[in-house]
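Participant: Got a sequence here, can you build the structure:
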Amino acid sequence: MYNDKQRYHKAIKDFNLALQHNPKYIQAIHGIILSYQKLGNMTMVSRYMREEIQIGGIGAFLGTGMLP
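Facilitator: Numbering: from 1, shown residues only. Purely as a prediction, here's the structure:
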């Protein structure tokens, strides 16, 4: 919702809160990636992409929703 309104910093904060409760929540990780991408922070995009791939496999990265 925050990403849709271009409130990327708030979105990142809320996604991180969700990850505190469930560190493997792929949708939150993907949301953080999109937020950091919109902010132009490619260092953080790369960090979370590695995490997304590690947790959800390549299917999560490609958006197929396939888990290992």
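Participant: Let me see the contact set for residue 46.
Facilitator: Shown in contact with residue 46 (CB atoms under 8 Å, 6 or more residues apart in numbering): no residues. Using the backbone N, CA and C atoms, a C-beta is placed for each residue, glycine as well.
Participant: again with the one 5 residues further on
Facilitator: For residue 51, the set of contacting residues under the criterion of CB under 8 Å, 6+ apart consists of residue 29.
Participant: Within the helices and strands, which one has it?
Facilitator: For residue 51, the element it lies in under DSSP states H and E is helix 42-62.
Participant: what about that helix, average pLDDT?
Facilitator: Mean per-residue pLDDT for helix 42-62: 79.
Participant: try stretch 23-36
Facilitator: Across stretch 23-36, pLDDT averages out at 91.
Participant: Which residues belonging to that stretch are considered buried?
Facilitator: Within stretch 23-36, the residues that count as buried by 16 or more other CB atoms under 10 Å are 25, 26, 28, 29, 30, 31, 32, 33, 34, 35, 36.
Participant: Show me those residues that map onto helices.
Facilitator: Here DSSP state H is the test, and the buried residues of stretch 23-36 give 26, 28, 29, 30, 31, 32, 33, 34, 35, 36 as lying in helices.
Participant: List just the nearest of the residues you listed to residue 10.
Facilitator: Of all those, residue 35 has the smallest distance to residue 10: 9.0 Å, by CB to CB.
Participant: For residue 6, state which of the buried residues of stretch 23-36 is nearest.
Facilitator: Among the buried residues of stretch 23-36, and counting by CB to CB, the member closest to residue 6 is residue 35, at 9.8 Å.
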